[in-house]
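Novice: sequence plus predicted model, see below.
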Amino acid sequence: MNYRTIAEQIFLAGINSVLPERLISKEMLLKEGWLRLGHLNFSPDEFENIYVIGAGKASAKMAAEVEKILGPRITEGHIVVKYGHSCKLKYIRVTEAGHPVPDSNGFKATGKIVEIAGKADKNDLVICLLSGGGSALLSDFPEGSSPGEMITLNDLLINCGACITEINAVRKHLSIVKGGQLARTACPATLVSLILSDVSGDLLDVIASGPTTPDPTTFRQAIMVLERFDLTASVPAGILRYLTEGTAGNRSETPKEGDPVFEKTHNILIGTNKVALEAAKLKALDFNINAVIIDTQLQGDTATVAEYIVETALRFKADESEVKPVCLLFGGETTVKMTGTGLGGRNQHLALLSAFLLQNHPGITVLSAGTDGTDGPTVAAGAVVDSLSWPDALRENIDPAKYLAEFDSYHFFKKAGGHIITGPTMTNVMDILVVIIE
């Protein structure tokens with residue numbers, strides 16, 4: 001039995017369960033004069049205009065499903081997606097833009113989205129479609145800075161080792177859309193956000209930097225993140241000045257819980273990593289493999305998480321009371337602090353670390369991959385390894401230790417094999433790790 005192939009099939013089953021068209025059709029229905037959005041029911045005729053806006057890797061497919069349901073009832077719309085994640089839309093404009101670092105397309109699209117939200121009045125409905133990647137795609141820059149400075153800041157943040165909550169605390173305080181400020185712009189319209197979670201714990205204020213949710217963070221906390229990761233001296237002057245002015249009370253804070261701008265705002269979580277893991281578990285059972293969901297909130301340093309994954313697998317392997325084969329499932333998102341000059345992503349790096357740790361432990365397969373189909377700035381979603389991955393590479397005169405030291409996991413797996421390549425999946429609910437113990 002080829003457990004690498006089986007692990008990939010289990011992973012793909014998880015992705016299929018959180019495809020946007022499947023999730024939107026569950027939560028949105030127009031029937032007999034009523035529009036259902038999650039737990040909410042409206043008469044669409046009560047709205048003078050229906051606007052659709054959004055951002056994220058899954059937002060194009062989400063918008064396509066919304067168009068199927070609402071069609072010409074949509075007055076206007078605009079969404080922004082990562083390059084390669086678009087699809088043809090009739091009533092909603094779509095812009096492809098840079099991710100994980102924003103670019104000029106993202107800045108322009110965000111301006112259009114803010115413009116549409118600003119048109120909405122008390123008798124209008126704004127549907128906002130949000131998914132992973134929205135923080136980089138729905139991007140602007142504060143007064144006194146420039147697009148180039150914001151691009152530099154984002155590059156610093158995603159490579160410093162900070163978690164997404166910390167990164168987004170900074171982003172929210174340099175924006176007029178993030179941290180609940182899109183809701184402020186859309187007020188007094190009825191605003192309903194349909195959200196796919198790509199953050200541990202499904203924190204609504206962190207997903208896509210929470211453009212339609214109250215923001216618990218402050219300017220001071222944003223500065224503290226920069227200090228914690230020794231970024232203060234590297235941050236562009238205009239950016240640092242704006243944050244410092246905010247800390248001094250000279251810039252408006254993001255809206256907090258209880259702010260009247262959220263009176264007619266509804267945030268509905270429609271897809272999570274746990275949904276994907278439950279589907280992956282069922283797929284494992286189809287292969288007559290016992291399956292256990294171990295952790296839905298993996299986070300922290302990739303090296304530490306790799307050790308935790310392998311230690312957990314070894315514990316299950318040694319436990320004679322456990323029915324084998326068994327599939328252990330993990331979900332979440334780790335962080336990598338780059339110290340090399342190679343190409344890769346957190347999932348490929350975790351897989352290569354696991355290959356090193358599994359060298360003398362046969363009978364364990366580890367797959368780590370992103371549900372969006374991309375891992376870092378590569379075409380791979382992740383990789384799959386077992387106890388033979390490291391020694392087999394050495395026999396082929398491929399030095400895995402060199403690639404590991406250079407954070408060059410992509411080129412290692414390109415040479416040695418083991419890549420998981422799906423192409424853009426048009427969804428994003430963090431990462432899935434599949435561990436099969438024979």
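Specialist: Thanks, I have the structure now. Numbering: from 1, shown residues only.

Novice: how many neighbours does P188 have?
Specialist: Taking other Cβ atoms under 10 Å as the neighbour definition, P188 ends up with a count of 14. Every C-beta, even on glycine, is put in place using the N, C-alpha and C of the backbone.

Novice: touching, it and N123? I think so.
Specialist: No. P188 is not in contact with N123 according to Cβ atoms under 8 Å; the separation is 9.2 Å.

Novice: note down every partner strand of the lengthiest strand in the chain and its orientation.
Specialist: Residue-count comparison of every strand in the chain, with assignments taken from DSSP state E, identifies strand 290-298 as the longest. Taking DSSP bridges as the criterion, strand 290-298 forms sheet pairs with strand 326-332 (parallel).

Novice: report the angle between the very next helix or strand once past the partner strand and strand 290-298.
Specialist: The first helix or strand that comes after strand 326-332 along the chain, using DSSP states H and E, is helix 346-357. For the pair helix 346-357 and strand 290-298, the angle between their directions (axes from the mean of the first three to the mean of the last three Cα atoms, to 10 degrees) equals 120 degrees.

Novice: sec struct for the residue nearest the centre of the chain, please.
Specialist: Residue closest to the average C-alpha location in the chain (Cα atoms, centre = their mean): G132, at 3.1 Å. Following DSSP: H, G, I helix; E, B strand; the rest coil, the label given to G132 is coil.

Novice: my guess is it meets D202, correct?
Specialist: No. Taking contact to mean Cβ under 8 Å, the distance of 11.6 Å between G132 and D202 leaves them out of contact.

Novice: list of residues touching the longest strand of the chain?
Specialist: Strand 290-298 is contacted by residues 200-201, 273-274, 277-278, 280-282, 284-285, 305, 312, 322-334, 431, 433 when judged by Cβ atoms under 8 Å, 6 or more residues apart in numbering.

Novice: now with 7 Å, please.
Specialist: Judged by Cβ atoms under 7 Å, 6 or more residues apart in numbering, the contacts made with strand 290-298 from elsewhere in the structure are 200-201, 273-274, 277, 281, 284-285, 305, 312, 323, 325-334.

Novice: for the buried ones among the residues you listed, write the corresponding ChimeraX selection.
Specialist: Filtering these down to the buried ones (16 or more other Cβ atoms under 10 Å) takes a single ChimeraX command:
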select :200,273,274,277,281,284,305,312,325,326,327,328,329,330,331,332,333,334
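
Novice: mind listing the strands in the stretch 101-250 of the chain by residue range?
Specialist: Ranges of strands in the stretch 101-250 of the chain, per DSSP state E, counting those that start in this stretch, are 124-130, 190-196.

Novice: distance to P236 and mean pLDDT for those - can I get that in JSON lines?
Specialist: Formatted as JSON lines, the entries for the strands of the stretch 101-250 of the chain read as follows, by distance: least, Cβ to Cβ, whole Å; pLDDT from 0 to 100:
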{"stretch": "strand 124-130", "distance to P236": "27", "mean pLDDT": "98"}
{"stretch": "strand 190-196", "distance to P236": "31", "mean pLDDT": "98"}
